[in-house]
Structures are given as structure tokens and as C-alpha cells.
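1. test case, fold it:
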Amino acid sequence: MDSSGSQEKKSIPRFTSFKPKPAPPPEVNRPHEHRDREKLSRDEKSRHNSRHRSHRERRADRREHRHHRRDDHSSTSRRVEPIVNEPPQPETDLYIVDLKGDKYNLVYGTLHRYSVPEYRRIGRGRVLGLPPSYRIDRDSTEGDAVVIRTDTWRADATRAKTRSVFSKQDRRPARYLRVRKDVHTDPTDASKDFLPLNIFGKRKRSASLGRVDSEDEKYAYRSIHGKAKPEDVLPSEFEVVSESESDDEEKRRIDLEDEVKQQNAEFSRAVEQNPHDVAAWLRLIHHQDALLGGAVNESRPLSYAENMSLADIKLSLYKKALKRVGDTPSKDRLLLGLLEEGSKLWDTKKLSEQWQDTLKNNAGFISLWIKYLDFRQTEFLDFTYDRCMAAFVDCLKLNVSSPDSREKVYIQTYLLLRLTAFMREAGFTDHAVGLWQAILEFNVFQPDELNQSSAKDQALSAFREFWESEVARIGDAGAKGWKSDSSAPVEPKMSTSKFHVDRRSVFASWSVCERERIINARMPARSLDESDEDDPYRVVIFSDLQELLSQCWGLELKDALIDGFLYYCHLPPLLTPDNTETTRRWGGDNFLRNELIDNPEFTLNNWLPRLNTDTEDPAISPVLFLHNNLIHTTDILFGRHQQWFSSFSQWTSNLDGRSDIDTGWVRRTLRMLAEANPTNDGLAEYALAFESACDTKDAKKYAKSLLKKRSSSLRLYNAYALMECRTGSRAAAEHVWATALSMSTTFPDHDRIECALLWCTWLWELLWIQDNARASHLLLSMPQNNVDLKSFPETLSQAVFSPTGLLKIRSFLVEAQENALSVRNAGAFVANVDCLAILSYLAHNLDLDNALEAYNAAVKRLSSLPMQATTFKSFTTELIHQSRSKLLYHHVRTRGTYRPARIRELLVESISHFPHNTVFLSLFTWNESRFRIEGRVRDVLEDVTTKTSEPTDQDSLTATTQQIPVTSHLFAIYTELNRPIYTGSTVYSVRAAFEKAIGETERRAGTRNTVNNTTKPTNASAKSNLSIWKLYILFELAQNDIQRAKDVFYRAIRACPWAKELIMLAFSHLRADVVNQHHPKDYSNKDVRAALSGPIPRRGDGMDFHELHRVYNVLVEKELRVHVDIEGLLDEMVMDMSRDGHGGAAGISFGRGITMPEDKESESEIENEYE
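-> As a prediction, the model looks like this:
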């Protein structure tokens, strides 16, 4: 066939019935649709350019503010993409042609109401293309769905109009079942030496011999009853009982649905009788869940319509309650509930308006502002770094201006902690560190002539001089503190980048360069430092800190700031009875427990011990879970690896210098804080334990220097002895213990109480190596408070405890126990209890029940304390349960015979009292995993991660709104990943655990998928936790399911728009070349959880250039920190691709599951929000 290029075109034959189409109109006469499309393209590009220009202007303003001369960025001209001419369409008013669709479908889950043109319906509900009998049922309510019904269904119009949205509930009459009685019971069964797994096996055998019950004949294939229905098929062990029979047999059967309705009536009467009772209103509102679900179908997930209706009912009740209660201190609980239910019904714009109105009319409630911070930080569409920072500052100012109260200090510290964590996770790590240095210097190391009663302006002026002198600050080498005037000057540093961006692999090279700059920017730079970086944010000047520092003056923040600093560094908290009800709650906060995001090289293999071994032993050590939620006692602070829980096991994996937190700065800061608190031996012991985890040699030197200054601190002697033990110097450790105990006779009574810590620690070190003989001789030495080391090493045989000796030791320990209780020394009290338990354990031939009596007696003794000691009782009781669990673990590991049911009973008791303590959860899971019955673990974890307690006034001291700690969700995921496959653990069960953690289970049970439901975290979910999202993405990658990993990634950055490290996963893990290298089309990976035999096919591909470009734009538009700016380079590459015909990236879609809509009205409102 000849080509058109080689021959002339032949004329087309003309016929009378054929009329050629008119020639296309000239450019100026094209239909308005094409001109509008071209204009829309230009508008989108203009908005895109304006956003990028605003980002560059922010950097330029920063440079000008610092008096740095910088070259202006030359603007790159944008070339309009060529538009392909299309055949014109005749203009008409009958219909509108839409070739692009509504992009807001992906944003709001429905059409944008203002984009829908005016129209009129015709046909009375009939649908074009369907038979006339099918019509739209406008009386049905299914959210935004269109319900199609036939005319036959609408025979009864009145019934259709009164159709309830709860019609999806199961309305079938309830069937009552009972266990079928076995009439063939054999009297000799009781004497048999086995238990049959199926007690009805005899009936089946009888059936095989021809004796078939009439009930079995009912549904034979020739039965007149017809084919059996699925709901009529029952297990052989059960039979249906009629309601009358049930009433005759069970006269006391309770109708649970009537009980639920009766409770609702009682709650309604309570609010009518006392309308000012906030707690009564909350009980009524929360009861609506049970009222809707019903007692029969309480396990059935609600549909979308039911969820929306339930939210609407609760919303109306909240509004009614707010009108009736008036001005009450607990009004904020109703306001928070109203906003939470409203978030399920309102769009983002209305929800933001409601927040503004609520805060304007109730500005005095700090709890509202903290919850507003959660909303601002997680609202993807409206989030920018500057807007969120402004919200934090407003909240800090409000709390400072509030009346003095007990919770004021803790709330201010929590806000500062949340702020600095937000800054670091957004990429401004050097700013966060600079702010912590300033706050600690300003509050802990202030000069003696300044105190909290001094004028704030005077203190700020003096601090300005210190900061601008750029001498060493807290955590820097050579720092002495603001008050000393002897801090060493800091020498200027010179840094040169080793890596540069390569246009041939732009995103691969950029991610390496960006990672290098992130590591270099962990600490603030000085103005004299020289670098090839053009980053004006590197130097933290006083004006960056002044507004925030002014909110920290006049408050006694010293102790709370130390707690906050530990949480910021992702270090375990230093818990005491004083902070167990306050700062301890921060350890489960979604926004704070993000350890896994610090290390970019973290993998799923680092988290799962099963993947690091070739064995299939289901009983994995319980001490390997890293995200602990427990009381960090001395034995845990100096925990032996894989022998007992260890406080700093997570930190040891971050010592390679790849973490976002500078280890050297943390070590030096802790030392300075310990020296600034000479009476706080607990903090000094903590600093020693941390030093020991980082560098044992330096830790010993530091311990000796501390003991020279605190020569009567038995706690520090004990810590030093443990350090010697951990390095294998057991003889040196025993010498330290013996010397300290003999010296204690000259110490004051208050210090001598802590002798119990040394005795208990020494005993446990002997028990761990199963040296029971020497442990027995150590117990016999207690009444003398002295140990003869010369005869001690020769002890080889088990000591014999005479009745007199036992009585003498018990009297000594009981007296010491009472002395510790009188001064409220929880650690010494529990140490004496531990010694009593070990004494009974060794004296009665390692009998566990005898040892447990000591713990039971101690709990009973605590219960007799007055009500004023409630916090001390709770803290000490948890310590007792932890100590008891350690003895249980030791007994199971070292004894060949024990009763698993007894161990389970004790651990369940501990979990019932302290459901989120990971010591009890880990040991319970470990004990159950030794057997083939795994249902108990899932049941316990289901309760732990579901049941929430009612908020109390005490919760205001914690500032956090998290009800279920994120550590419990992480433990549930960890357990599911480590559970053997033969117990029912699958890829789907692991995904279910992830979805439950991020609060998606209820949403996915419904029929709709809206943005509001995917971006509003609840108090029970961990949707704002970066660690869980990262684990979820890595898990899907381990399954070779790249498409799912990308979907989870987009959901993650929608839920956590401030998290730079989450976004960076696109460039380090989801990049196309990385996926092709580590996840070939078919590969076999022993680390994959499914453990399938054979190769696993890959699903989906990695991110190409255009996807990565759009993800990079998220960093820019959300104003996150970008050290290496490649905007111009990417724009040039896009234009080159467009010119070469490879397509461009002109759209503003961000791939699957994420878009960036343009809403000028909402943008203008947000800009005026803080004016």
C-alpha cells in the first residue's frame, strides 16, 4: 500500500447523498470549550508557579532577615503545552460535555456541588438505559448513593417513605439454641482414661448403624420439607429451642435488648433530673452505640448509613447537652465530643468553621486548643508548616495567660514537646535542637541574680547576650551553662558536600544529597561556619526563639522539662510516683512515639526477631519488643541483653550516626542536667545507665566522678556495680556491693533505706546465673548488713535455713519494708518485698506459691494506705506486679515443671490491673505461644486495643488526648507478625491489625469512603503515628505488593502531612529502580510473612519520574524543609519532556489516593485566620 508521502492524494468520490464536513474554523473561532480548557491549563500552571514562588520567597526573606547577600532566583519561563485541535461540537443548551470529570470525587468522595451545572429532572425517576419499571428511590437514604428500585417494590408507598436507615440490621426472629442432650450416655465414660474430642461421636456411629433420629430425617433429599436452608443447618451438638420451651427451662433468662432500652431510659431520666451533670450526658450519648447495635447484633459492623445516623443522633444530643449544662468546668468534654461527631458529617470547610467558632466562644479551655492542634496538624488540605506553627504559638500564649493551676506546667511542657517534635519531623531538626538548648539554658541554668520573679524583659535581654555570643550551649562540647560565664567558644566549622545532584538520575542522586544534608543539619550552625550550602535556616538566631522563650518564663518547669527532653530524644521516661499520672501518659502519645522514623535504614527485619533466625520456635523471647510501656527500674535500665527487658535496646541501634538525633549532644545534655540536680540520684542513675548503653568505658569514668561528689548515694554505688557486672567483672561488682553495704552504717537514715536496692540487685544477679547457693548465703548475711567476701566465694552447697534464721531475716526485711513505706520510697519498698519472695522461694525448695505470698501481702499492705496516697499506691502496685512477673519468668525458664494455667492466671491478673504494661503483655504472649492455643492472646489484645476508659478530671494533667497508648497497637501488630502460620496468622490478619491500629476497621466496614473518615483520628486510634505507617509500608513491600505499598504510602502522607521522613520513603523505597532491584517480578524471600512456597509475583510497579515529581511537590507546598532545592531542574526536565513528546507533569494530581485541590475561598479564610 502506497504511503501518502510518496504519492499524491486521490480525490474522494462524491455522491449526491454525501456532503463533506466543513473545514475547521480558524484559531480565533474555536468553540469556547477548547479556549476554556486552555485557560484552565494556564490557570493551573499559574497556581503551580505561584506556590513554588512563595516557597522561594520564604527562603529569600529568611536570607534578607539574616543580612546575607544572596542572588535572586531567576524565574524560569513556562511553555504552554500544545493543545491538539479537536473537531468542534455545536453549541447547545440541551446538554454539557465534560471530558475531564470532577477531580473533587477523589478529594471529597462526592461531586463538588458548586461545579454541578443547573439542571432539571424529567421522567419521574426513570433512568436512561434501564427498563421503565426501574426508578430512582428518593425516599431511601444511603449517603450519596443512588438507590434503584422496581415499581413492584414500591407497591406500598407509605411503607417506603417510613423506611428506616437501620433496615440493614438483621430483623429475623431470634433463635434460641441449647446443647443437645446425649441420650446414649454410657455410665462407664467417667472411668475411661481419655476424653473424647466430640461427645456426640456415638450418635454419629449410631446413625451409621441405621438408628437415625427423626430430626436428621427432616432434611433428607426426599423430605417433604424441601431443601435445607443454610440458616437451618446447625452443628450436631446444638438444637433449636422454641421461645416457650426456653421460658419454661430458663425462667431467669434476661432480655438483653430490653435491658439496653431500660438503661437508655434511666440515663434520659438522669439528665432530665440533673441537666447540669456533664457525666450523665456523656453516659447517655455513649450509650447510643449499644442502643443502635443491640445486644443481639453487637458484633456486627455498622453500615455507612447507620454510622452517619448514629453520628447525627449523638451530634443532636451534644447540642442539647451544651444548651442545658451552662458554664461548667467540664463543658469542654461536650464540645470535644460534638466536634468529633461533626467531623464524621461535615466537610473540611465546615469543620474548620466550627472549630473557629468553638474556640472563639470557649477560648479558656486549653483541652480544646490541644485537640485543635491535632486537627491542624493532620488536616492535609489546609496544612502548611507556618500555619501549624502559628497554631502552636497561639496555644502556648493561651496557656500562659490562664489562671495558675497544677496542670498548667505540664500542659506548657507538653506543648513545647509537641512543637519541637513537629519541627524535627518537618525537617527543621536544627531549629528544634536550638529551641531545646535555649529553653533548658533559660530555665535550668539561669544566673543566680535572675529568678522566676524577675522581669521577663530583663531575663530575655540577658539571655540575648548569651545566645548571640555563640559560646558553647548545653550539649555542646565545652559547655558549662548560662550561669557559669566560662563556657568555651565554639570554633568555626567548615563543611563540604560530598554528593551532588545528577540530572541523569535526578531523584536517586537528590535523595542521597538530601540525606547527607539532613545528617549535617542535626545541630544548629554558627554564623562563622563556612559551608557550600545555600541554606539560610542553618543558623538559629535569637529572634527565632524570642516569642517562644517568652512563654516559658515564670513557670516552675524544671522537672517537667527534663521529662519532656527525654521524650523528645525518644529515651525511656524517668518515672516516679510524682509523674506517673502526668508526664507518663506522654509515652503512649501518637505524635511522640515515633522512634522508628528516626533511622532511615530501619527495616522490617530489624523489628521482627523471627525473621532474623532460621528456627520456627513459636516461643520467641518476650524481651525483644522494643516499644516498651513500663516502669523503668534499675534492673531494666541496666537490663542484660535477651535476659530481661532493657530500656535502651532501641537506642543501641541508632549509634551508627544515621539517626536524626545526635547521640553526643544527648549524652552531654544528660550529664549537665544530672550535675544541675545534685539531690536527684534517680536522674544521675539514669544518666549512668544511658552512658553504659553508649560507651561502657566512659560510663565507668563518669560513675567514679559522680561518686566523688555523692559519696553517700547507695543508688549510684549499685549502678556502678551493675556496670561492672555487665562487662564481666563480677568480682569487682561484688566488691562494690559489699563495700557500700558496710559503709552504709555511717550514712544518714534516709540514705540507708536504699540498702534494699543493693541486696535485691545482688540476689537477682546470682539468680540469673542460677547460683542459688550463694544467693542463700547472701540472704543469711542480711541481718548483719555485712558480707564476708573471703568465705563467700567458697560457697558451693545450698545453705540450710533454720527456723530461727528464717525468722531473723524476715523480721529484718519487714522492718526495712515498713521504713521505706513510711517515707514513700517505692523502689526500696518493692526491693524488700522482692527479697522476701526470694527468701521463701529458696527456703521452700523453689516453690513458687510460697514465694507469691510475699507479693500478695505487700499489695494488701498498700491497700491500707490513706486515700491521699492513691498515686503512690498505684505506682507501687505496678512495681510489685513487675517484680512478680520477673520471678515467674525466671521460674518458667529454669524449672522443668510448672503449671501453665497458674502462670496464665497471674499474668491475666496483672493485665487486668495494668492493661497497657508491655511486661505483662509480652510475658502472657510468650507463655501462650508455648502451646497451640492462640485464641487467648488475640482476645486479650482485642480488649487492650479496644476498651477505653471514660475521661476524668485527672486527664487534664496529662494534656494528651490519647486513651489507648500507641505502644499497645504496636504490640498487637508485632504479635500478629510473629505468630506462627499454623495458628491462623496470615497476610490478611496482619493487615487487619494495621487497619485496626490506624482506626480504619470501622470505616471499611461501611459502604462509603470519604475523606472525612480517612483524616480524622480518634482518641483510640494511632492514625497519627509515623512508626505504624512506616511499618505498614515496609510490610507491604515485604509481600512484594508494590501497588498496596504505594496506596498505603499515599494514605500515610494524607494522615501525616508534616512528616518529611514518610514522604522520603517514596525516594528511598518506592522509586522504580529500587523496586526493580529489590523486588523483581518473581522472587522468593524467606522474610515474607506469608511464607509461601515458590516465587511471589510482584504486584504493581515503582514510582516513575512523574509520580516522584508530584510527591516532591508535596514537600514544597506543605513548606517542609528541603535542603537541596531542585525545583528549577525538575521544571526544566518537564519542559524538555514536553518538547520531546514524552508528556509532561502539568496536572496537580498526586497519584492514587492523594490530590491537591485548589480552593481559593478556603485559602483566603485560612490566611485571615490568625489576623
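2. show me the shaky parts of the stretch 451-600 of the chain.
-> The model of the stretch 451-600 of the chain has pLDDT under 70 over residues 452-453.
3. show me where it has strands.
-> Listed in chain order, the strands of the stretch 451-600 of the chain (DSSP state E, counting those that start in this stretch) span 494-495, 530-531.
4. tabulate those (TSV), appending mean neighbour count and distance to residue 651.
-> C-betas here are computed from N, CA, C, even on glycine. Listed next are the strands of the stretch 451-600 of the chain as TSV, based on neighbours: other Cβ atoms under 10 Å; distance: least, Cβ to Cβ, whole Å:
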stretch	mean neighbour count	distance to residue 651
strand 494-495	12	26
strand 530-531	14	29
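5. how about JSON lines for these, with distance to residue 676 added?
-> Output for those, formatted as JSON lines (distance: least, Cβ to Cβ, whole Å):
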{"stretch": "strand 494-495", "distance to residue 676": "31"}
{"stretch": "strand 530-531", "distance to residue 676": "33"}
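6. show me the contacts for residue 734.
-> The neighbours of residue 734, taking Cβ atoms under 8 Å, 6 or more residues apart in numbering as the test, are 721, 762, 787, 789, 792.
7. residue 281 touches residue 325, doesn't it?
-> Yes - here residue 281 lies in contact with residue 325, judged by Cβ atoms under 8 Å, at a distance of 6.9 Å.
8. follow-up on the earlier one: the contacts of residue 734, buried ones only, as a ChimeraX selection?
-> The buried residues among these can be selected in ChimeraX (16 or more other Cβ atoms under 10 Å) with this line:
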select :721,762,787
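9. the contacts of residue 734 in helices, which ones?
-> 721, 762 (DSSP state H).
10. and of the contacts of residue 734, the nearest to residue 626?
-> Ranked by distance to residue 626 (Cβ to Cβ), those are led by residue 721 at 26.6 Å.
11. and the pLDDT at the closest one?
-> With respect to pLDDT, residue 721 scores 95.
12. ditto for the one 10 residues further on
-> Among the per-residue scores, residue 731 holds a pLDDT of 90.
13. that one is in what secondary structure piece?
-> In the assignment (DSSP states H and E), residue 731 maps to helix 730-743.
14. please tell me how far that helix is from the chain's geometric centre.
-> Its chain's C-alpha centre and that of helix 730-743 lie 44 Å apart, by Cα atoms, centre = their mean, to the nearest Å.
15. mind listing what's buried along the following helix or strand past that helix?
-> For helix 730-743, the succeeding helix or strand toward the C-terminus, using DSSP H and E, is helix 749-752. Of all the residues in helix 749-752, those buried under the rule 16+ other Cβ under 10 Å are 751, 752.
16. which other helices and strands contact helix 749-752?
-> On a contact count with 3 or more Cβ pairs under 8 Å, 6 or more residues apart in numbering; DSSP states H and E, helix 749-752 meets no helix or strand.
17. now that helix, how far from the centre of its chain.
-> Distance of helix 749-752 from the chain centroid (Cα atoms, centre = their mean) equals 42 Å.
18. now for residue 1110, how many residues are close by?
-> 20 (other Cβ atoms under 10 Å).
19. can you classify it by secondary structure?
-> Residue 1110 falls in the helix class when you classify it by DSSP: H, G, I helix; E, B strand; the rest coil.
20. domains of the protein?
-> Here the domain parsing of the chain from automatic domain parsing is 358-491+543-568, 729-864, 1024-1167.
21. hang on, the earlier thing: quick one: which two of the contacts of residue 734 are the most distant?
-> Farthest apart among the contacts of residue 734 by Cβ to Cβ are 721 and 792. That separation is 14.6 Å.
22. which stretches of the stretch 1051-1171 of the chain form strands?
-> 1082-1083, 1096-1097.
23. my error: substitute the chain in the last question.
-> Ranges of strands in the chain, per DSSP state E, are 134-136, 148-150, 176-179, 238-241, 494-495, 530-531, 1082-1083, 1096-1097.
24. where among those is average confidence lowest?
-> strand 176-179 (a mean of 57).
25. find the nearest non-adjacent residue to residue 825, please.
-> Using Cβ to Cβ, 6 or more residues apart in numbering and skipping residues adjacent in sequence, the residue nearest residue 825 is residue 753, 5.7 Å away.
26. look up how far residue 711 lies from that neighbour.
-> According to Cβ to Cβ, to the nearest Å, residue 753 stands 17 Å off from residue 711.
27. with neighbour numbers in mind, choose between these two.
-> Higher neighbour count among residue 753 and residue 711: residue 753, with 23 against 11, using other Cβ under 10 Å.
28. what are the phi and psi angles of that one?
-> Backbone torsions of residue 753, given as degrees, to the nearest 10, read phi -60, psi -30.
29. isn't it right next to residue 819, touching?
-> Yes - applying Cβ under 8 Å as the test, residue 753 and residue 819 come out as touching, 5.7 Å apart.
30. and of the strands of the stretch 451-600 of the chain, who's closest to residue 912?
-> Of all the strands of the stretch 451-600 of the chain, strand 494-495 comes closest under Cβ to Cβ, at 55.4 Å.
31. run through who's touching that closest one.
-> Against strand 494-495 from outside (Cβ under 8 Å, 6+ apart): 520, 529, 530, 531, 532, 533.
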